[in-house]
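> The following block contains a protein sequence and its predicted model.
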Amino acid sequence: MRLTAFGVALAAATTVALSFLLIPIVAIFVELSLDELVAGLTSDVALDALRVTVETNLTAMGLIVVFGTPTAYLLATRSFRGRSLVVTLVELPLVLPPAVAGLGLLAAFGRFELLGRGLSAVGVDVAFTKLAVVLAVTYVASPFYVRTAIAAFEAVDPDLVAASRTLGAGPARTFARVALPLAAGGLGAGLALAFARGLGEFGATIMFAGSLQGVTQTLSLAVYQEFDVDFENALAIGALLLIVSALVLFTAKLVPAWRRFGSTSITASAPSVSR
Amino acid sequence: METLRIDLDHGLRSFRLALTLGIGGETVALVGPSGAGKSSLLRAVAGLLRPESGSIALGDETWLDTARGVMLPPERRRVGFVFQEYALFPHLDVLGNVAFGARDRRAAGELLARLHIGELARARPADISGGERQRVALARALAREPDVLLLDEPLSALDMHTRGAVRAELHDLLVGLGLPTMLVTHDFEDAATLADRVGVLVDGRILQLGTPSELVAAPSDAFVASFAGANVLGGIARVGRAGLTEVTLDGGGTVLTTDPGFGRVAVAIYPWEISLSLEPPDDSAVNHLRAPVASLVSLGNRVRVRIGPVTAEVTDSSATRLGLREGLPVVASFKATGARLLPFA
C-alpha cells in the first residue's frame, strides 16, 4: 500500500483508539501482583459476590431464554398490526438508563408500591432481595438476547418451515425440530451477549436490590464497594470480571460460525441411528 | 384412486388466481410464464396459502371450504411436496430428512434404497450433488405416504446432463405411484415426458388444458404454441390469393396460410414443418425464406438450424447432404398448411 497522508492519518487515529481501549485493561493487571490477585479473589467479599453473581445471572438467563425465545419466534414469524411497536418495546431497555430501570422496578415491586403491595401481603418481598437482582438483570439484559433471537429466527428459510409442515409436523414440532436447531447458533450468541450485559449490571441492581454482601452484592457492586475499602481487592475482582467478559465475547463471536452446517458440524442435534 | 378437486379464487399481485381443476390418478403439468400463479396454486393445495375463497377436496375429504370455514393445516393434508430448491433440512443428514415425515426410520431407509441413495444415508444435504438432492427431496415427500404429490419445478435445479436421466426415473416413479400429481415446470419436454395432461396457466387462469400432443396440434394461442416449441411470428393478416390468408410479418416478408384470419395475428410454425434447401423448391411448399444460417445445434440425430427469424429442425443426414454451416445462404420452406394462425397473446 502506498504511504499517503490519509493512510497515515487513518493508522494514527486507529492506534489512538485501540490504545485507549487497551490501557485501562493493561493497567488493572499492571497494578496487581499475583499475590494480591489471589488474596483478592479468595476474600470473603469476592467469594460471596461471585456466588451471588452466578446464582442470579444463571436464573436471569433461564428466565430470558424461557420467555424470550417464544417472544422472539412470534415476532419473527408473525406479522400483525403494531408489530414494530412491540419490537421497539422489547428493545427499550437498551436505551433506558439502568438507574431509571431500577427506579421503575422499585416503583412497581417495592413493598408499598403497585405490585409490591399485593406480593407483600402474601409474604413475598421483592425489593432488596436476590430476586430483585434477578429481575434487574433480566430487565436490562433481555433485549440483547431477544433482538439476536428475532434475527436468528428470521434467517430460517421459510421453505424449510413449510416443508416441515407438509411432512406432517404441526407448528410446535416444526418449532422444536426445524426452527430451533437452525437458529441455535444465533440464540447462543444472543445469550452470550445478554450474559455479558448481566455480569456488568450495576445501576438497576443498586437501585432495586441494594448492595448487601452475600445477598444482593454482585461482582460489579463489590468492585464499587471495595474500591473505597481495599483498592487491591477491587482490582482483583475487576480482573476476574474482565477475564469472564472477554471469554463471553469470544464465545459470542464463535457461536455463529457453528451455524454453517458442514459435514462435521452440529452432531448433537442429528438423531443417531444404527442401520 | 381419489380425485383431487380444486376450485379457487384468490387475489395475487396484479391478477386473480381463479380456476377449477379435477385431477385423478394422473400427472398434470402446470406450465406458464413466471408469476402466473403456478407455485401459489401448489401452496394452496398444500395448505401453505389460505385462498380468499374456494374449496379443495380429495375424494370425500374436505381440505378447504371457505364457505364453511374449513381450512385443514398442511400437516393434516396428506401431500408430498417437493420444493423448487428442495428445502432439505441442513441440520439433518439424508436419513434424518427422509425419516422426518416417515412412519419410522426403517420405512425411510427402504425408500432410500428404492431411490438408489441408500449409501447417502449419513451424508449432509450440503455435501451431495443436485441430482442426489432431488432424489432425497422426492424420498422425503414419499416417506409421508402422500395421497397427492406436488412437485414445484423438480428438475429446474439440475444441469442438462443430469436432467434427462432424472426425468426418466421420475417418469417411471410417477407412473408406478399413480397418485394425483401436480407438477410445475417451465420446460415443455419435462411436461411432455412426465404429464398425462398439461395445463397452461397465464395470469391466474387456465388458458388451455389437454394432453401434450393436443397442445402441439392445436395450441390455443401464441404463448401455448411458443411453449410447445413453435416459431411464433407477429403480423397483420388479410385475405390473399387462391383463398389463402396473407400475413405481413412485423419483421418484414409475408407468410401464406390456409387458416382464415384478419388483423393482428400470430403465426406459429413448428420447426419440423420447415424444410431446408439450397435453391427454392418447386413444389406446393408455398412459403420461402432465404437467409444465411445463423446457428447450428446438434440434438443427437437431428439438427436445429436458425435461419433469420425462424428455427428449423432437420435430420442429421440432410444437414450433411446440404453441407450446412454458419453463414451459408439457404432457403427455408413450409407449406401454407404448416403455418397456423393464432390470436396474438
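Alright, I've got the coordinates.
> how near is the nearest residue to B:N301 once chain neighbours are set aside to chain A?
Leaving out its chain neighbours, the residue that sits closest to B:N301 by Cβ to Cβ, 6 or more residues apart in numbering or on different chains is B:D316, at 5.0 Å. Just so you know, the C-beta spots here come from the backbone N, C-alpha and C atoms, and that holds for glycine as well. Distance, B:D316 to chain A, using Cβ to the nearest Cβ, to the nearest Å: 43 Å.
> So what's the residue count around B:D316?
By other Cβ atoms under 10 Å in any protein chain shown, 13 other residues sit near B:D316.
> next one: A:D159
17.
> That one falls within a helix, correct?
Yes. Assignment of A:D159 by DSSP: H, G, I helix; E, B strand; the rest coil places it within a helix.
> quick revisit: correct me, but the residue nearest to B:N301 touches B:S298?
Yes. Under the criterion of Cβ atoms under 8 Å, B:D316 makes contact with B:S298 at 7.4 Å.
> for the chain, which spans come out with low pLDDT?
With no chain named, the answer covers chain A. A:1, A:255-275 (pLDDT under 70).
> meant chain B actually
Low-confidence segments of chain B, defined by pLDDT under 70: B:284-285, B:345.
> quick one: the helices in it?
B:38-46, B:94-99, B:105-114, B:130-143, B:160-177, B:188-194, B:212-217, B:222-227, B:316-322 (DSSP state H).
> Would you mind measuring from B:E145 to B:P154?
19 Å (Cβ to Cβ, to the nearest Å).
> Among the two, which residue is more densely surrounded?
B:P154 (25 against 12).
> Show me what the closest residue to that one other than its chain neighbours is bridged to.
Take B:P154 and drop its neighbours on the chain: the residue closest to it by Cβ to Cβ, 6+ apart is B:V82, 5.0 Å away. Note on B:V82: beta-bridge partners by DSSP bridges are B:L151.
> how about B:V82, what does it touch?
B:V82 is in contact with B:Q134, B:A137, B:L138, B:A141, B:L149, B:L150, B:L151, B:D152, B:P154, counting by Cβ atoms under 8 Å, 6 or more residues apart in numbering or on different chains.
> hmm, try it at 10 Å
Each residue near B:V82 by Cβ atoms under 10 Å, 6 or more residues apart in numbering or on different chains is listed here: A:163, A:166, B:42, B:134, B:136-142, B:149-154, B:170, B:183-184.
> Check the gap between it and A:A163 for me.
9 Å.
> The stretch 51-200 of chain A: helices as residue ranges?
For the stretch 51-200 of chain A, the helices defined by DSSP state H, counting those that start in this stretch cover A:83-95, A:98-109, A:114-121, A:130-154, A:158-166, A:171-174, A:180-199.
> can those helices go into TSV with extra columns for distance to chain B?
Output for the helices of the stretch 51-200 of chain A, formatted as TSV (distance: least, Cβ to the nearest Cβ, whole Å):
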stretch	distance to chain B
helix A:83-95	19
helix A:98-109	37
helix A:114-121	39
helix A:130-154	13
helix A:158-166	4
helix A:171-174	8
helix A:180-199	5
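> Looking at these, which is nearest to B:H161?
When those are compared by Cβ to Cβ, helix A:158-166 sits nearest B:H161, at 26.0 Å.
> tell me what the closest one is packed against?
helix A:171-174, helix B:38-46, strand B:79-82, helix B:130-143 (3 or more Cβ pairs under 10 Å, 6 or more residues apart in numbering or on different chains; DSSP states H and E).
> Leaving aside the residues adjacent along the chain, what's closest to the residue in the stretch 51-200 of chain A that chain B sits nearest to?
Residue nearest to chain B within the stretch 51-200 of chain A (Cβ to the nearest Cβ): A:L167, separated by 3.1 Å. Excluding the flanking residues, the one nearest A:L167 by Cβ to Cβ, 6+ apart is B:G101, at 3.1 Å.
> and whatever residue of chain B ends up closest to chain A, how many neighbours does it have?
Nearest residue of chain B to chain A: B:G101, at 3.1 Å (Cβ to the nearest Cβ). For B:G101, the neighbour count with other Cβ under 10 Å is 23.
> The one 3 residues further on too?
Neighbour count for B:D104, taken as other Cβ under 10 Å: 10.
> With B:T20 instead?
12.
> Which strand residues bridge it?
Here B:T20 sits in beta bridges with B:D7, going by DSSP bridges.
> what do you get for B:G235?
Beta-bridge partners, per DSSP bridges, of B:G235: B:L249, B:V265.
> Could I get the contacting residues of it?
So B:G235 contacts B:246-255, B:261, B:263-267, B:341, B:344 (Cβ under 10 Å, 6+ apart).
> Please apply the same query to B:L244.
B:V255, B:L256, B:T257, B:T258, B:D259, B:P260, B:V286, B:A336, B:A339.
> ok, for the first one, nearest residue in space, not its chain neighbours?
I take that to be B:V255. Nearest to B:V255 is B:V247, by Cβ to Cβ, 6+ apart, at 4.7 Å.
> same deal with the fifth one?
Spatial nearest neighbour of B:D259, chain neighbours left out: B:L341 (3.9 Å); criterion: Cβ to Cβ, 6+ apart.
> so that neighbour makes contact with B:L256?
No. Counting by Cβ atoms under 10 Å, B:L256 is not a contact partner of B:L341; they are 11.0 Å apart.
> Looking at those two, which has the bigger crowd around it?
B:L341 (20 against 17).
> B:P90 reaches B:R133, doesn't it?
No. Using Cβ under 10 Å, B:P90 is not in contact with B:R133; the gap is 11.1 Å.
> In contact with A:A132, which residues?
Contacts of A:A132 by Cβ under 10 Å, 6+ apart are A:56, A:102, A:105-106, A:109-110, A:125-126, A:204-205, A:207-210, A:215-216.
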